[in-house]
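Participant: Make a model of this:
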Amino acid sequence: MSLQQTLRVFELIDSAHVSGQDIVELFVDYSGVKASTVRATGPKGSTDFVRIEIVGSAGKTLGGTAPTLGIIGRLGGIGARPVRIGVVSDADGAIAAISSALKLAEMRSKGDILAGDVVITTHICPNAPTRPHDPVDFMDSPIDDITMNNNEVMLEADAILSIDTTKGNRIINHKGYALSPTVKQGYILRVAEDLLRIMEMTSGSHAVTFPITIPDITPYGNGVHHLNSILQPSTATSSPVVGVAICTQSVVPGCGTGASHETDIALAVKFAVEVAKEFGRGTCQFYDESEYARLIALYGPLIHLQQRQPEHGEVVL
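Facilitator: From the prediction side, this is the model:
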């Protein structure tokens with residue numbers, strides 16, 4: 001189960017004074033786990049990026065060949081103080097990512113060591129700004145999306161789960177979490193069958209997915225509408241990326257407080273942990289390599305969709 005870890009992390013970050021160092025200290029007693037933090041400052045304030053590395057028994061850290069999974073907790077900020085008091089809905093991605101790391105660290109301490117390395121990143125900002133967005137306001141961020149990707153997207157990851165609150169829209173009308181199609185270097189591929197299987201296994205329900213568009217997988221700042229930042233990591237890596245959207249039936253602003261649902265976050269954590277288990281041992285694939293190669297042969301690369309265009313005013317997170 002992952003609910004205990006989720007509640008522990010939620011209570012830890014539910015503070016006006018929480019910092020990245022508080023997250024690092026959460027992992028100090030776990031062997032084979034390395035946690036670090038670095039502060040980044042932008043025109044709207046600062047945030048603490050957090051990176052947690054879980055060493056696998058056959059992972060690259062120890063010279064092995066097992067693939068590395070990346071888990072990114074994507075968000076603008078965990079709080080919007082002083083405008084809003086408390087943890088905002090946008091914090092779900094950070095809570096899920098850190099809770100996943102905590103569960104994996106506890107498993108490792110009890111002898112359940114995964115084959116592959118797992119790298120988890122997110123950031124901690126209890127006083128992020130907000131900004132207007134349709135249909136409800138977004139959380140903004142004190143730093144730009146280039147800095148965000150530079151600190152969160154791990155180049156050593158062979159695949160990435162990007163977990164993000166995705167409640168401020170009318171596209172997903174489901175309470176819980178949902179999966180995006182796999183995105184790789186400008187291609188929107190079909191939803192991975194292995195991930196659907198794991199989702200159904202861990203949730204006990206039918207798999208839920210959500211649609212994405214080409215604009216959603218292009219870098220911010222190009223003047224087009226994005227669902228949210230859930231697939232921005234795909235613009236900064238050649239590895240496959242899948243969005244794990246923590247979602248609701250109603251439209252909820254990212255800056256809304258009292259809007260995080262611990263059981264939904266815990267479900268996403270369970271999913272991420274099970275994906276980490278299977279990905280490292282080679283029983284979970286994010287995409288069909290032969291089908292992707294066929295697409296490249298037929299239509300050529302689409303990496304131009306990952307490239308940043310001149311600014312047109314939209315820099316949202």
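Participant: make it CA atoms for all contacts and neighbour counts henceforth
Facilitator: Will do.
Participant: And the helix or strand of the chain with the lowest mean pLDDT, what does it pack against?
Facilitator: Least confident helix or strand, the chain: strand 138-139 with a mean of 80, by mean pLDDT, DSSP states H and E. With contacts taken as 3 or more C-alpha pairs under 8 Å, 6 or more residues apart in numbering; DSSP states H and E, strand 138-139 sits against strand 130-131.
Participant: Note down every partner strand of the strand it packs on and its orientation.
Facilitator: strand 138-139 (antiparallel) (DSSP bridges).
Participant: Show me what the next helix or strand after the least confident helix or strand of the chain packs onto, helices and strands only.
Facilitator: Per DSSP states H and E, strand 138-139 leads on to helix 145-152 as the next helix or strand towards the C-terminus. Here helix 145-152 touches strand 45-54, strand 118-124, going by 3+ C-alpha pairs under 8 Å, 6+ apart.
Participant: and helix 145-152, how far out from the chain's middle?
Facilitator: 13 Å (C-alpha atoms, centre = their mean, to the nearest Å).
Participant: buried ones in it?
Facilitator: If you call a residue buried by 16 or more other C-alpha atoms under 10 Å, then helix 145-152 has these buried ones: 145, 148-149, 151-152.
Participant: Now flag whichever of the residues you listed is closest to residue 292.
Facilitator: residue 149 (24.4 Å; C-alpha to C-alpha).
Participant: quick one: low-confidence parts of the stretch 101-250 of the chain?
Facilitator: For the stretch 101-250 of the chain, no stretch has pLDDT under 70.
Participant: if you go through it in chain order, where are the helices?
Facilitator: 145-152, 193-203 (DSSP state H, counting those that start in this stretch).
Participant: Out of these, which gets nearest to residue 262?
Facilitator: Closest among those, using C-alpha to C-alpha: helix 193-203, at 14.2 Å.
Participant: which residues touch that closest one?
Facilitator: Residues outside helix 193-203 that contact it (C-alpha atoms under 8 Å, 6 or more residues apart in numbering) are 206-207, 267, 270-271, 274-275, 283-286.
Participant: When you filter the residues you listed down to buried only, what's left?
Facilitator: Buried, going by 16+ other C-alpha under 10 Å: 207, 267, 270-271, 274-275, 284-286, out of those.
Participant: Let's see which of these end up in strands.
Facilitator: Among these, no member is found in strands (DSSP state E).
Participant: out of these, what pair is the most spread apart?
Facilitator: 267 and 285 (20.4 Å).
Participant: What's opposite residue 179 in the beta bridge?
Facilitator: In beta-bridge terms (that is, DSSP bridges), residue 179 pairs with residue 209, residue 244.
Participant: so it makes contact with residue 247?
Facilitator: No - using C-alpha atoms under 8 Å, residue 179 is not in contact with residue 247, being 10.4 Å away.
Participant: Give me the more crowded residue out of those two.
Facilitator: residue 247 (27 against 23; other C-alpha atoms under 10 Å).
Participant: And that one, how far from residue 104?
Facilitator: Using C-alpha to C-alpha, to the nearest Å, residue 247 is found at 24 Å from residue 104.
Participant: for residue 259, same thing?
Facilitator: Taken as C-alpha to C-alpha, the span from residue 259 to residue 104 is 26 Å.
Participant: Same check on residue 83?
Facilitator: 35 Å.
Participant: Just want to know which of these two has more residues nearby.
Facilitator: Shown here are residue 83 and residue 104; by other C-alpha under 10 Å, residue 104 has more neighbours (25 against 12).
Participant: Hmm, residue 67 and residue 156 touching each other?
Facilitator: No - with contact defined as C-alpha under 8 Å, residue 156 does not reach residue 67; the gap is 9.1 Å.
Participant: Looking at those two now, which is surrounded by more residues?
Facilitator: residue 67 (23 against 16).
Participant: so who does that one touch?
Facilitator: With C-alpha under 8 Å, 6+ apart, residue 67 has these contacts: 59-60, 116-117, 157-158, 279-282.
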